[in-house]
Structures are given as C-alpha cells and as structure tokens.
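> Output the structure for:
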Amino acid sequence: MRPCCVHLLVMRHVLLWTSDSKTDLSAELNSVLTGLETSVHSAGLLEVRPGSIGGWPVPLPQLAFARQLLPFVRPVAAQSINSWAALLVEAIRDEVPEGGPWMLHVEPHYGERKAPRIGARAWHRMRKYSAPPPSIEKAAGQVDPAAGRRRCQFIREACIKSLRQNCRGRLKHLKEEPGTFAEADSIAQLVLTTPTEGFLSIATCPFPFKNRHLLSPYPLGEISLAADPGAPSRAFAKLVEAERRLGGAIGPGQRCVDLGAAPGSWTYVAVHRGASVIAVDRSPLRRDLMESNAVRFVSSDAFTFRPSQPVDWLLCDVIAEPKRSAGLLVEWMENAWCKRFVVTLKFKGSPDFSVLAGLRERMPGLCSEWQMKRLCANKNEVCVFGVAERD
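Now for the predicted structure:
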C-alpha cells in the first residue's frame, strides 16, 4: 500500500479529550498504562505513542475522559480542497476494504475547544426558544467550534465526487448516518488542525467494532445535546445521549427502575417512549409524572430498593458518592436485576480513579457490553452504561 500522506512519522494514536478534561485524561492514561509516551498537540489533541510499551492491547482500555480515538494516525498536509480530497481518496482506495461498509469523517479541530457551561437559569430560558438564546455566546479566548467547518465540508464533498466518478463501488457502501459500529465496519477520519495540516486515521474492520467503547461513530465523538422544553430538567439529555452511544433506546412495553428519580427527567424519557417506570426517591416527581398510569412512585432509599423481578432498564442519576453508585451498579449486575443500565457517577472535585479502576476490573465479567464516559451532557460526572445480558 502506498503512503497517502505528505510525511509519515512513527506510529501513534491520537485522543480527543472531553471538555475541560485534559488533565483528567492524562491521569487516567497513566493509571491504566504505565510508561506511556504522550504529548499534547497545539490543536488540543493528545498524541500517544504506543511503541514505547510494545503496542496497546486490543480492545483498548476504557477511558472515561476520551471523547474520540484516531487510531494508527499519521500527520498529513495539503494546500487546497482538491489536494486534500485526492489525498483522502487515495487512502480510502488503498486501505478501506473493498465491498465492506465504511464511514467517513472530515472534521476541523483548530485548537482546544470548550463545551458551553449553561447554567440552570439559562437552560430554563432555552425552554422558551427552539435554540439557545442570543445571550449565550462563546467565551473570550475559546476556539470557535465552527472554525474550518466549511473547508472540511468542501473537502468531503470533493472526496465524494471523486469516488462517484472513479470508484463508485466504494461509494455504494458508505454509511452516511453514524448509528453504531457493526463488525464489518471500517472508518476513515481526517481531522484538520489548520487549513493545511491535520491527522489522517484509517481503522479497518473489525477494529472499530472491537473498540466501540473508545472509537465513536459520531464525528469527533460529539453528540449534540437533546432539547425538550417539556422535560422536568436538563438531566434528561444525559439519558438520551447514553442511549445513542449505546445504540439502543428504551422501548414501548419495557419496564424500568429509576433510582433517585426526582424531579423525573429520566422517568419522563421512559414514559414518553411507552415504557413503565418504578420511580424511587424520597422526594416526589413532577405532578404530571406522579399522576401517570405508567409510573409507580416508591418513597424509598435508592440504595436499599430491590426489584421484585428483573427489569429491562436500571436508570440511576442519584446524587451520591461515586463509590456508592458504583457499588450499587455492581450489585445490580451480580444479581441480574436488569438487562440494560445507565448510571451516573457524580464527582464533587477531582475524579476518583480508584472507582473507575474498580469498574474496569469488575464490569467485563458482569455484562456483555459497557462504556464509561464523560458525556457531552455531563459536567463533573461520568456515565456508565451498557448491556447486562450475557450469552
């Protein structure tokens, strides 16, 4: 295979950290893999050189503070839209398996970006609008998330046009919607750090599927925050995002337990999907949810509640110490009380990496699939979600 980049250096991976989590990701990496050589690129990307430890194992470790992985990446450079497209087409033709499904991401990353920190008052103002009110603006010194987006859009369009003219068979198998990774999927990612420089990553099947806990089918690993002015609070967006990343949503007729349910945002999502909910909290839910025939409210402690029979979903956004929430999750897994789960770990300050390490050790033997991630909708939290059913 011919190299398709202007200059090719030592093999490395690139990680995009979650918002405001550069220090957390570095600490997490060091806690998982010792002797790892890393450096921060000027564009706000963490370069990891696995050669120093003999290569990472497959699958890669769970990293709660990594937003996206660019595996086996190489630095590339081009001057024009057409030259970028030609570089990308060459890489696709040389490396993406012919006849197999694949995804294509062309995205800008012109420096470290900050996620908007929208407070409760601003969020409630948004309930009156279909989009954030004009007063919520990019803070001074932050990189504009839209910088380079038009250029990347033109590059992608030029690449698609070239494939349509010269390689129509490849184009037929391009997956336009993110969805979730299947075992046969490959992915090509081009991330521009300046108009003329960037990183190119080609991950062929089954690597994306085996590492879907770290390699996201969503461009840059970002998912836009869900908006619903009818929800009791903005917390509903965490559950919606976890569902999308998991590739499975709460469905009609399913049974859920919502621990720490008040004021009812996660119960609200489940009820609107046609599910029934046992909502457990010391405080009542919003009145319409308390009166819903699909909701059975239980005034009790989330940590002492036990279901009378297994349920389809464990939902838990309770305010508690991370160790207690992690222990609750493990108990539910050990007793097979649910089929799927979404649980939030809330950190008051710096993350407790011993809690995350404990979950890395316990969860693989208790469920068939799981992820541990600071969601786009999270602030000082990490969400753990997955499928408890085992073959």
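
> quick one: buried residues of stretch 375-391?
For stretch 375-391, a neighbour-count test (16 or more other Cβ atoms under 10 Å) marks 375-378, 381-388 as buried. Placement of C-beta: from N, CA and C, glycine included.

> Just the ones of those residues in strands?
Counting by DSSP state E, the part of the buried residues of stretch 375-391 found in strands is 381-387.

> Tell me where the stretch 1-150 of the chain is predicted with low confidence.
Applying pLDDT under 70 to the stretch 1-150 of the chain flags the ranges 1-11, 34-36, 42, 50-59, 112-146.

> For the stretch 51-200 of the chain, which segments count as helices?
81-95, 120-126, 149-166, 168-172 (DSSP state H, counting those that start in this stretch).

> List just the one of these that sits closest to Met333.
Proximity to Met333, assessed across the helices of the stretch 51-200 of the chain by Cβ to Cβ, is greatest for helix 120-126 (32.7 Å).

> rewinding a little: nearest to Asp312 among the ones in strands among the buried residues of stretch 375-391?
Once Cβ to Cβ is applied, the member of those that ends up nearest Asp312 is Val387, at 10.9 Å.

> Now do the phi/psi pair for the spatially closest residue to that closest one that is not a sequence neighbour.
Distance criterion Cβ to Cβ, 6 or more residues apart in numbering; nearest residue to Val387, sequence neighbours excluded, is Glu369 at 4.5 Å. Backbone geometry at Glu369, expressed as degrees, to the nearest 10, gives phi -160, psi 140.

> what does the one 3 residues further on give?
Listed backbone geometry of Met372 is phi -130, psi 110, with angles given as degrees, to the nearest 10.

> and if you look at Phe209?
Taking degrees, to the nearest 10 as the convention, Phe209 sits at phi -70, psi -40.

> Quick check: the gap between it and Ala158.
29 Å (Cβ to Cβ, to the nearest Å).

> quick one: which of the two has more around it?
For Phe209 and Ala158, the more surrounded residue by other Cβ atoms under 10 Å is Ala158, and the numbers stand at 20 against 17.

> Please name the residues that touch that one.
81-82, 84-85 (Cβ atoms under 8 Å, 6 or more residues apart in numbering).

> Just among those residues, which is most surrounded?
Within the contacts of Ala158, most neighbours by other Cβ under 10 Å means Trp84, with 27 neighbours.

> name the helices or strands packed onto the longest strand seen in the chain?
When the chain is parsed with DSSP E, its longest strand is strand 66-77. Strand 66-77 sits against strand 12-17, strand 186-194, strand 197-203, with contacts defined as 3 or more Cβ pairs under 8 Å, 6 or more residues apart in numbering; DSSP states H and E.

> partners of that strand, with directions?
Note on strand 66-77: by DSSP bridges, its sheet partners are strand 12-17 (antiparallel), strand 197-203 (antiparallel).

> Out of those, flag the one nearest Ser299.
From the strands paired with strand 66-77, taking Cβ to Cβ, the stretch that ends up closest is strand 12-17, at 40.4 Å.

> Between strand 186-194 and that closest one, find me the angle.
Angle of strand 12-17 versus strand 186-194, following axes from the mean of the first three to the mean of the last three Cα atoms, to 10 degrees, is 70 degrees.

> Show me what secondary structure element comes after strand 12-17.
Of the helices and strands lying after strand 12-17 in sequence (DSSP states H and E), the nearest is helix 22-32.

> Show me the contact partners of the following helix or strand past that following helix.
Counting by DSSP H and E, the element after helix 22-32 in chain order, helix or strand, is strand 37-41. Contact with strand 37-41 is made by 14, 22, 26, 29, 46-49, 51-52, 193, as judged by Cβ under 8 Å, 6+ apart.

> same question, stretch 87-102
So stretch 87-102 is contacted by 1-2, 4-6, 76, 78, 104, 106, 155, 159, 162-163, 166-167, 169-170, 173-175, 182, 184-188, 190, 200, 202, 204-205 (Cβ under 8 Å, 6+ apart).

> again, only this time at 7 Å
Identification of contacts with stretch 87-102 by Cβ atoms under 7 Å, 6 or more residues apart in numbering yields 1-2, 4-5, 76, 78, 155, 159, 162-163, 167, 169-170, 173-175, 182, 184-188, 190, 200, 202, 204-205.

> Filter the residues you listed down to the buried ones.
Buried among those by 16+ other Cβ under 10 Å: 4-5, 76, 78, 155, 159, 162-163, 170, 173, 175, 182, 185-188, 190, 200, 202, 204-205.

> Now Gly198: closest residue in space, sequence neighbours ignored.
Gly198 sits nearest to Leu192 (Cβ to Cβ, 6+ apart), 4.0 Å away.

> Next one: that neighbour relative to Phe385, how far apart?
31 Å.

> Could you list which residues are in contact with Val32?
Counting by Cβ under 7 Å, 6+ apart, Val32 has contacts Pro61.

> coming back round to it: so which bits of the longest strand of the chain are buried?
66-76.

> nearest to Ala226, of those residues?
Among the buried residues of strand 66-77, and counting by Cβ to Cβ, the member closest to Ala226 is Arg67, at 17.6 Å.

> doesn't Gly221 make contact with that closest one?
Yes: counting by Cβ atoms under 7 Å, Arg67 touches Gly221, with 4.0 Å between them.

> Give me the common contacts of the two.
Leu16.

> State the number of residues packed around the closest residue to Ala302 other than its chain neighbours.
Excluding the flanking residues, the one nearest Ala302 by Cβ to Cβ, 6+ apart is Leu259, at 3.7 Å. Here the number of neighbours of Leu259 (other Cβ under 10 Å) works out to 25.

> Equivalent analysis for Glu183, please.
Counted with other Cβ under 10 Å, Glu183 comes out at 9.

> Was I right to think it contacts Lys210?
No: counting by Cβ under 7 Å, Lys210 is not a contact partner of Glu183; they are 8.3 Å apart.

> most tightly surrounded among the helices of the stretch 51-200 of the chain?
Using mean count of other Cβ atoms under 10 Å, the stretch among these with the greatest mean number of neighbours is helix 81-95 (a mean of 19).

> how much space between Val257 and Leu33?
Taking Cβ to Cβ, one finds Val257 at 36 Å from Leu33.
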